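A.B. asks: Fold the stuff below for me.
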Amino acid sequence: MRLRTLPVSVAGVVAAIALAVREGVFAWPQAALCLLFALLCQIASNFANEYYDYKAGRDKAGREGPRRGVTEGEIKPGAMKRATFALLTLAAVAGLILTRWGGIWLIAVGVAVFLGALAYSTGPWPLSTHCLGEVAVIIFFGIVPVNLTYYVMTLGWSEPVFLTSLSIGLMGANVLIVNNLRDIPDDRAVGKHTLATALGRRAVIVLYSILAAAAAALMCSVWADLGKWWLAVPAAYLILSVLIAFVMSRTYGRALTRYLGITSVLMSAYSLILLVAVLCNG
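C.D. replies: Here you go, the predicted model:
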């Protein structure tokens, strides 16, 4: 399930909840279903990644990252495949219930999300092997969850919501950057092309700082509307991210897994603080 990265799904939904609360239109059934949908889809995507990377020979036993149960022979490939589609089925049920509020067109969004969860690792052009993993994260962990969660509660959109979705997406992309930074040797050995293998260690660490700066800047207006002193939050996020990037520049291999979790938790903490800030201003 890759628990270290599950806060990435939580962050987008919580950010949308905060913005809905600010507008006085929070609805807990829709919020709970969106959170369930997001978590199920992320876990299904993780399962699919393990299964399809094993089938394609992109995972090897003894890799630098966390153990892969299928690759190490601890989980049968068929069982992992069945679990993947079982979770997508459960997510579909949650999504269909959401159409009660958001409309039948949400089914098309759900299909796109499911295809994205699978296309990350399989298909004629797997996104994770063509330097498009970070783009997929920005879309499916930022733009889609923030805007859609907000929509099913408010039946509307706004510029602050879209800016927030981009910000959250960039933070999520940084989680993947750390993952792929750690896996550069393993990925190069099997011919897997990620942004990290294409740009190299130094450049991708700089990119981590750039994305953090962009994420902080995109939401400055949102924080300022809550009170100028709340601008300390994006400033603190940026400072911490730059410090993490500096430490990562001197860290290699499995030791980078720690910063994968830290980046993920920092992202979710950012969203939770946004919710607290909104409540404090309510």
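
A.B. asks: drop to CA atoms for contacts and neighbour counts, all remaining ones
C.D. replies: Will do.

A.B. asks: Least confident secondary structure element in the chain?
C.D. replies: Sorting the helices and strands of the chain by mean pLDDT, DSSP states H and E puts helix 184-189 at the bottom, at a mean of 92.

A.B. asks: Now it - C-alpha only, PDB.
C.D. replies: What follows is helix 184-189 as a C-alpha-only set of coordinates in PDB (Å, rounded to 0.1, in the frame of the first residue of the first chain):
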ATOM      1  CA  ILE A 184      18.000   6.200 -10.200                       C
ATOM      2  CA  PRO A 185      20.500   3.300 -10.200                       C
ATOM      3  CA  ASP A 186      17.800   0.600 -10.200                       C
ATOM      4  CA  ASP A 187      15.800   2.300 -13.000                       C
ATOM      5  CA  ARG A 188      18.800   2.900 -15.200                       C
ATOM      6  CA  ALA A 189      19.800  -0.800 -14.800                       C
END
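
A.B. asks: So which elements touch whichever helix or strand comes after that helix?
C.D. replies: Next along the chain after helix 184-189, taking DSSP states H and E as the criterion, comes helix 195-199. Helix 195-199 sits against helix 159-182, helix 184-189, with contacts defined as 3 or more CA pairs under 8 Å, 6 or more residues apart in numbering; DSSP states H and E.

A.B. asks: and the helix or strand following helix 195-199, which residues are buried?
C.D. replies: For helix 195-199, the following helix or strand on the C-terminal side (DSSP H and E) is helix 201-218. In terms of neighbour count (16 or more other CA atoms under 10 Å), helix 201-218 has its buried residues at 201, 204-205, 207-213, 215-218.

A.B. asks: Same question for stretch 227-235.
C.D. replies: Quick answer for stretch 227-235 (16+ other CA under 10 Å): 230-231, 233-234.

A.B. asks: Format those as CSV; extra columns: secondary structure, distance to residue 127 and pLDDT.
C.D. replies: Converted to CSV, the buried residues of stretch 227-235 look like this (DSSP: H, G, I helix; E, B strand; the rest coil; distance: CA to CA, whole Å; pLDDT from 0 to 100):
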residue, secondary structure, distance to residue 127, pLDDT
230, helix, 37, 97
231, helix, 35, 97
233, helix, 33, 98
234, helix, 30, 98
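
A.B. asks: Which parts of the stretch 51-200 of the chain are helices?
C.D. replies: Along the stretch 51-200 of the chain, the segments classed as helices by DSSP state H, counting those that start in this stretch run 77-102, 106-119, 133-138, 144-154, 159-182, 184-189, 195-199.

A.B. asks: Show me the least confident stretch of these, going by mean pLDDT.
C.D. replies: Among the helices of the stretch 51-200 of the chain, helix 184-189 carries the lowest mean pLDDT, a mean of 92.

A.B. asks: in that one, what's buried?
C.D. replies: 184, 186-187.
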